[in-house]
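> I'd like to go over a predicted model; first the sequence, then the structure.
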Amino acid sequence: MLNPAFEKYENDLIQLARTVWAHPEPGFREVESSRAHIDFLRKAGFEIEENVAGTRTGYVAMWGSGSPVLAFLGEFDALYGLEQQADVAEPAPIPGQNMGQGCGHHLLGVGAIAGALLLRDFMQERGLGGTIRVYGCPAEESGSGKAYMARDGLFADCDAALTWHPSNFNMVSTGSSQSCIQCYFRFTGIPAHAAGAPHLGRSALDAVELMNVGVNYLREHMEDSDRVHYAISNPGGASPNVVQAFAESRYLVRSTTNPKCQKLYERVKRIAEGAALMTETRLEVVFDEGLSNTVPNFVLEGVLDQAFREAGVPVYTADERAYAARFKATTPVEDQLSDLPRAALDTGKLSQNVRESELCDYYVETMRSDVCEMGSTDVGDVSWVTPTCTANLNCYAYGAGSHSWQWVAQGKSDIAMKGMLKAGEVLALTGLKLLESPELLSQARQELERRLGGEPYRCLIPDEIAPHYYD
Ligand SMILES: [Zn+2]
């Protein structure tokens, strides 16, 4: 048995996670994964609302009644380009497949379900009232699923949201993440023979290039914590002897808070307008995604920390360590040491663990931090609406971080399943502490209100934009 707390559910939970691993699906198209979750939860006695927030695959599963309302956030989407055979410690694509669970979301979703089942048991044993909700959140990797769910008010009556992420470490997440707006800048010009009649052409590709030059000059006049990245998503064509009549770039604009991100986005848009003016092309801005910054909650982080200490971390067998050693050997230890979580309280101890162990086998204490880490997640949108906290559970060997073939390969292992079940235990214990001491929930709410300082939640995605995907 991988975790005694889950004696009666363990086999079914592991089976569910392995089923989702075997059917990797992209954001908003996680049809089989979502169906497997929903069937499982319905059988377990949860009431299900499907197709939430205008999505095909988002759901909310409910059990219990009245307040408080505790949310467990789950995900299930996969990543393109990360097809990989299970348990093979070298790149080994699966023929005919172009996706893989490179961020461990097959574990994330089922770990959230595990937490909900165990908390329900605790509530029944102790006669505690309240509502448990499992949120099946689509399209985290690309699509901003939770932002649409938050925009639709699905978290508005929650007292707290608990989540976790598969990781190379056992630790409480702390700090913030960046607000992010993603959009396409499309320029339309006039085609012409580039040698014969260049004076008749108006180049959309020139507009893309000039916009990028303008943005690169903008960088000197942004805050250090702002980030702007772009890709030329359509250069117009491969023929230099044609003046390109259409070209498009895809931009990500990030800052530490939503209002700052929106201001930076307006500056980038003005540069695009300038590029269109210079080249006599027409500009169309197509909004794609928007993610809010994460609002930390030290009250909930404290409760999660206590629950983590009580639950402990997974304990590994000699066979599991030998399995992990094969994956740890796929990257140099110096690289592993260069990518340690900055919030770790004792980096000396963590470095030693990375040098001496195949995988993280202790609880890494963290400093409570407001620091905004570079990168974005749609958990941020939830954290604006209800106090939110995130645990990290080790599910993989040292040697590679998220979005790697190594994570896909280890996704069905006992190590991964142990991490997933332990995550369920940590989240359920956190929920139990909140139900037994409701004053913690009001303290967490007060902290959220203090941090927001009266700024209301405004989803960065305009109302007219519906859940969508671009390939
Ligand atoms: Zn992820």
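Received it, and whenever you're ready, just let me know what you need.
> Strand partners (parallel or antiparallel) of the helix or strand of the chain with the lowest mean pLDDT?
Sorting the helices and strands of the chain by mean pLDDT, DSSP states H and E puts strand 372-373 at the bottom, at a mean of 90. If you go by DSSP bridges, strand 372-373 pairs up with strand 176-177 (parallel).
> I'd like the average pLDDT over the strand it pairs with.
Averaging pLDDT along strand 176-177 yields 96.
> so where do the helices sit in this structure?
10-22, 31-43, 105-126, 145-151, 204-218, 258-279, 298-311, 318-328, 333-337, 347-356, 379-385, 405-409, 414-436, 438-452 (DSSP state H).
> For the longest one, name the packing helices and strands.
So the one you mean is helix 414-436. helix 10-22, strand 69-75, helix 105-126, strand 160-167, helix 298-311, helix 318-328, strand 388-394, helix 438-452 (3 or more CB pairs under 8 Å, 6 or more residues apart in numbering; DSSP states H and E). Glycine gets a C-beta too; all of them are placed from N, C-alpha and C.
> In terms of secondary structure, what does the last one contact?
Judged by 3+ CB pairs under 8 Å, 6+ apart, helix 438-452 is in contact with helix 298-311, helix 414-436.
> Could you give me the buried positions within the longest one?
Within helix 414-436, the residues that qualify as buried by neighbour count (16 or more other CB atoms under 10 Å) are 414-435.
> Repeat that for stretch 235-248.
Of the residues in stretch 235-248, those buried (16+ other CB under 10 Å) are 236, 242-248.
> likewise stretch 334-352?
336, 340-341, 343-344, 350.
> Could you do stretch 309-329 as well?
Those would be 311, 313-314, 316, 320-321, 323-328, for stretch 309-329 by 16+ other CB under 10 Å.
> which residues sit against it?
If you take CB atoms under 8 Å, 6 or more residues apart in numbering as the criterion, stretch 309-329 is touched by 3, 87, 89, 170, 336, 358-363, 393-394, 396-400, 406, 409-410, 413-415, 418-419, 422, 425-426, 429.
> Please look at V69 and G129 and confirm they touch.
No. Contact between V69 and G129 fails when scored by CB atoms under 8 Å: they sit 11.0 Å apart.
> Of the two, which one has the most company?
Using other CB atoms under 10 Å, the more surrounded residue of V69 and G129 is V69, with 21 against 11.
> beta partners for the closest residue in space to the more buried one that isn't next to it in sequence?
Using CB to CB, 6 or more residues apart in numbering and skipping the chain neighbours, the partner closest in space to V69 is T131 (4.5 Å). Counting by DSSP bridges, T131 forms beta bridges with G64, V69.
> Contacts only, for T131.
Contacts of T131 (CB under 8 Å, 6+ apart): 62-70.
> Dump the residues you listed into CSV; add pLDDT and distance to G375 as well.
CSV is the format used below for the contacts of T131 (pLDDT from 0 to 100; distance: CB to CB, whole Å):
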residue, pLDDT, distance to G375
M62, 98, 31
W63, 98, 33
G64, 98, 34
S65, 97, 38
G66, 97, 37
S67, 96, 34
P68, 98, 31
V69, 98, 29
L70, 98, 26
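> Pull out the buried residues from these.
62-64, 68-70.
> so for stretch 382-398, what's the average pLDDT?
pLDDT averaged over stretch 382-398 gives 98.
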